[in-house]
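>>> Sequence unavailable; structure follows:
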C-alpha cells in the first residue's frame, strides 16, 4: 500500500520542513518508491520529530495536539491507496472531518432556568431582612431548628462568609454580577455545606432549598473543604508560645498532672465508599473499612493537633511514630519547658519536657504517660491510674462531640478519594474549634470523687500517610525515663492527695 505523491496529506504550511525527509524529489514531494508499506510509520515519526525541532515545541503534549490532525490524515491516505476515483478528495474530506470533529451534545429535553436566590426556602425562612434578627437569636439556642439544620449559629456563618469573600474565593459571574446577590449566594452555599456535613445529606436534597443547581453544590462542597483545609494552621496548632502552653498545662496541673500538655488518642471514621483495592488495609479492629487520625486535645476539648490520615489497620503504636505533632513535642522547644512536682517528702522537684497522657496502647516514651496495668484500686498506682483515665476522657468526649455534631463522621464518608475524606475531617475539627471560642462552661463535679472534696471540673459542655519514623534513641533508655517520670507523677499525686486530706480534716 502506497501514498500518492501528489496527495501528501500534510498541510502546505509544513512544506519547508519536508526537506528533512529522505526519498523526496526536488519539488519537496515524497516519491512512491520510498513510501512503501513498511516505511510509513517511520516516515511519519521522522517528519514529526524534525517538525518539532523546527517549530521549537518544548511541550510534547502541545506538539502532539498540533500534529495529530495531519498524522491521522496520513493514515487515511495510506488506507485509500492508489484510488483514481474523482470523488476521492471529497470522500476523504468527509471521513476526515467525521473523525476529527467534536461530538455534538444533544439538546436538553427541558429548558434550564436559573433560580432566583431571594425566593429560595432557606433565604425566606432564615436570611431575609424581616426574619434575620430573629434567626440570630434563635440560632444561639442549640436546640433550635436552625442549629439542627446547620449545627453552628448564624453569627459564625457570617464570619465564614466574610472570610471567603475577603480572600476572593467567591467571584462575580455572568449570572451573579451583583455584590449583594453574591453575598446571599455565598451564605446559601456555605449553609448547604454545613447541612451536608452535619446531617450526612446527599447533594440532590439541597437544590430545592437554595434554588442552586446540584452540580454547583457538589463543586462548591469540594472547594469549601479544600479552602478550610488550607486554613488548618490558623485554627489547629500546638501552643506556639510559652504563655499559651502554660494555660493548657494549668488545667492538667489542677487535676494532679503537672507538666501535661494534652491528651492524645486515635479516632477511627468509617469509610463507606472505600475502593475495593483498599478494603483489606482499611479494615482493622472494626468490621468495616475505616480511616484513622491521631488527635491531640486540651482539657477544654480544643483540638491542638491532627496527624496525617492513616488506614484503619494501623494501630496507635505505629501512628504515633509518624505523627509530626508528637515529634514536635519530643524534639522541639517543648522538651526544654520546665515544670515542677512534689516528691513523697513534699520537696519541689524540677523536670524538663512536657508529656501527653494516653491509654495503654502506646509506646513507653517519656512524652507518653499511660495508666498502670492491673493495679489495685486501693493502691497509689490504682488511684493514679483512675485519676489519669478520668482526666484523659476529654479526648474521648471530643470524639463523641465531633461524631454527634457532624453526622457525616458518624455514618461514614461517602467519598472515594482519601484526600477529600481527610479534608472533611480537618474541616469538622476547625469548625469545632471555632465553636469553642464562644462556648460556655458549667459547673459539673467529677464522677470519681474518692471521698475527697474536688474543685470545679471546668470542662466545656459543648463545643499522608507514610513518612519515615524519626530516630528516637535507645528504646530501653526511653522506657527507663518513661518509668521514672510516671513514678514521679505517682508520688506527686499521692502527696497532693494526702495534703488535701489533711486540710479537709483540720
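That came through fine. This structure is a prediction, so every number in the text was calculated from the model and none was measured.
>>> Give the residue spans of the stretch 301-450 of the chain that score low on pLDDT.
438-450 (pLDDT under 70).
>>> how about the residue nearest to residue 356 when sequence neighbours are not counted, secondary structure?
Spatially, and ignoring its direct neighbours in sequence, residue 356 is nearest to residue 264 (4.5 Å; C-beta to C-beta, 6 or more residues apart in numbering). Placement of C-beta: from N, CA and C, glycine included. Here residue 264 is recorded as strand under DSSP: H, G, I helix; E, B strand; the rest coil.
>>> And residue 177, by the same measure?
coil.
>>> Can you tell me which residue sits nearest the middle of the chain?
For the chain, residue 423 is the residue whose C-alpha lies nearest the centre (C-alpha atoms, centre = their mean; 1.7 Å).
>>> which is the next helix or strand following the helix or strand encompassing that residue?
Using DSSP states H and E, residue 423 sits within helix 418-436. Once the chain leaves helix 418-436, the next helix or strand it forms, by DSSP H and E, is helix 475-505.
>>> could you say what helices and strands that next one packs with?
Judged by 3 or more C-beta pairs under 8 Å, 6 or more residues apart in numbering; DSSP states H and E, the packing partners of helix 475-505 are strand 338-342, strand 348-352, strand 368-369, helix 380-391.
>>> Repeat the analysis, applying 7 Å as the threshold.
Using 3 or more C-beta pairs under 7 Å, 6 or more residues apart in numbering; DSSP states H and E, the elements in contact with helix 475-505 are strand 338-342, strand 368-369, helix 380-391.
>>> Relative to residue 306, which of these is closest?
Among the helices and strands packed on helix 475-505, strand 368-369 comes nearest to residue 306, with 17.2 Å by C-beta to C-beta.
>>> That closest one - which strands sit beside it in the sheet, and in what orientation?
strand 355-357 (parallel) (DSSP bridges).
>>> what does the partner strand rub up against?
Contacts to strand 355-357, defined as C-beta atoms under 7 Å, 6 or more residues apart in numbering, come from residues 257, 259-264, 296, 329, 366-369, 388, 391-392, 485.
>>> Mark which of the residues you listed are buried, thanks.
Among these, those buried by neighbour count (16 or more other C-beta atoms under 10 Å) are 257, 259-264, 296, 329, 366-369, 388, 391-392, 485.
>>> Which positions within the one helix or strand residue 252 maps to qualify as buried?
Assigned by DSSP H and E, residue 252 falls within helix 242-253. Buried residues in helix 242-253, counting neighbours by 16+ other C-beta under 10 Å, are found at 245, 248, 249, 251, 252, 253.
>>> Stretch 302-309 too?
Neighbour-count burial for stretch 302-309, counted by 16+ other C-beta under 10 Å, picks out 302, 303, 304, 305, 306, 307, 309.
>>> Sketch out the low-pLDDT regions of this structure for me.
Those would be 1-102, 438-474, 504-506, if you go by pLDDT under 70 across the chain.
>>> tell me the angle the helix holding residue 252 makes with helix 475-505.
Here helix 242-253 runs at an angle of 70 degrees relative to helix 475-505 (axes from the mean of the first three to the mean of the last three C-alpha atoms, to 10 degrees).
>>> residues making contact with helix 242-253?
239, 259-262, 298-300, 337, 339, 354, 391, 458.
>>> show me what contacts the residue nearest to the centre of the chain?
225, 226, 229.
>>> rewinding a little: could you dump the helices and strands packed on helix 475-505 into TSV and include distance to residue 319?
Putting the helices and strands packed on helix 475-505 into TSV (distance: least, C-beta to C-beta, whole Å) gives the following:
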stretch	distance to residue 319
strand 338-342	26
strand 368-369	12
helix 380-391	21
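>>> Tell me which of these is the most buried.
Among the helices and strands packed on helix 475-505, strand 368-369 has the highest mean neighbour count (mean count of other C-beta atoms under 10 Å), at a mean of 22.
>>> can you count the residues close to residue 377?
Counted with other C-beta atoms under 10 Å, the neighbours of residue 377 add up to 10.
>>> Checking it next. Helix, strand or coil?
Residue 377 - assigned by three-state DSSP - is coil.
>>> got the contact list for it?
residue 386.
>>> Need phi/psi at it.
phi -60, psi -30 (degrees, to the nearest 10).
>>> Now do it against residue 387, distance only.
Counting by C-beta to C-beta, to the nearest Å, the gap from residue 377 to residue 387 is 11 Å.
>>> what do you get for residue 339?
Residue 339 is 17 Å from residue 387, by C-beta to C-beta.
>>> Quick check: the two most widely separated of the contacts of helix 242-253?
Comparing every pair within the contacts of helix 242-253 by C-beta to C-beta identifies 337 and 458 as the most remote, at 22.0 Å.
>>> Show me which of those two is the more surrounded one.
Counted by other C-beta under 10 Å, residue 337 and residue 458 do not tie: residue 337 has more neighbours, with 19 against 14.
>>> what residues are up against the nearest residue to that one once chain neighbours are set aside?
Closest residue in space to residue 337, ignoring its immediate chain neighbours: residue 354 at 5.4 Å, by C-beta to C-beta, 6+ apart. Residue 354 sits next to 249, 259, 260, 261, 329, 334, 337 when contact means C-beta under 7 Å, 6+ apart.
>>> got these as a markdown table, with distance to residue 136 and secondary structure columns?
A markdown table is the format used below for the contacts of residue 354 (distance: C-beta to C-beta, whole Å; DSSP: H, G, I helix; E, B strand; the rest coil):
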| residue | distance to residue 136 | secondary structure |
| --- | --- | --- |
| 249 | 37 | helix |
| 259 | 43 | coil |
| 260 | 39 | strand |
| 261 | 37 | strand |
| 329 | 41 | helix |
| 334 | 41 | helix |
| 337 | 42 | coil |
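>>> from those residues, which single one is nearest residue 121?
residue 261 (46.9 Å).
>>> For the residue nearest to that closest one when sequence neighbours are not counted, give its distance to residue 253.
Leaving aside its chain neighbours, residue 261 sits nearest to residue 354 (3.9 Å; criterion: C-beta to C-beta, 6+ apart). Distance, residue 354 to residue 253, by C-beta to C-beta: 11 Å.
>>> And for residue 123?
Distance from residue 123 to residue 253, by C-beta to C-beta: 50 Å.
>>> what does residue 434 give?
As for residue 434, its distance to residue 253 is 27 Å (criterion: C-beta to C-beta).
>>> All the strands of the stretch 201-350 of the chain, residue numbers only.
Taking DSSP state E, counting those that start in this stretch as the criterion, the stretch 201-350 of the chain carries its strands at 260-270, 290-297, 303-306, 310-311, 338-342, 348-352.
>>> got JSON lines for those, with distance to residue 280 too?
JSON lines is the format used below for the strands of the stretch 201-350 of the chain (distance: least, C-beta to C-beta, whole Å):
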{"stretch": "strand 260-270", "distance to residue 280": "16"}
{"stretch": "strand 290-297", "distance to residue 280": "12"}
{"stretch": "strand 303-306", "distance to residue 280": "25"}
{"stretch": "strand 310-311", "distance to residue 280": "9"}
{"stretch": "strand 338-342", "distance to residue 280": "44"}
{"stretch": "strand 348-352", "distance to residue 280": "44"}
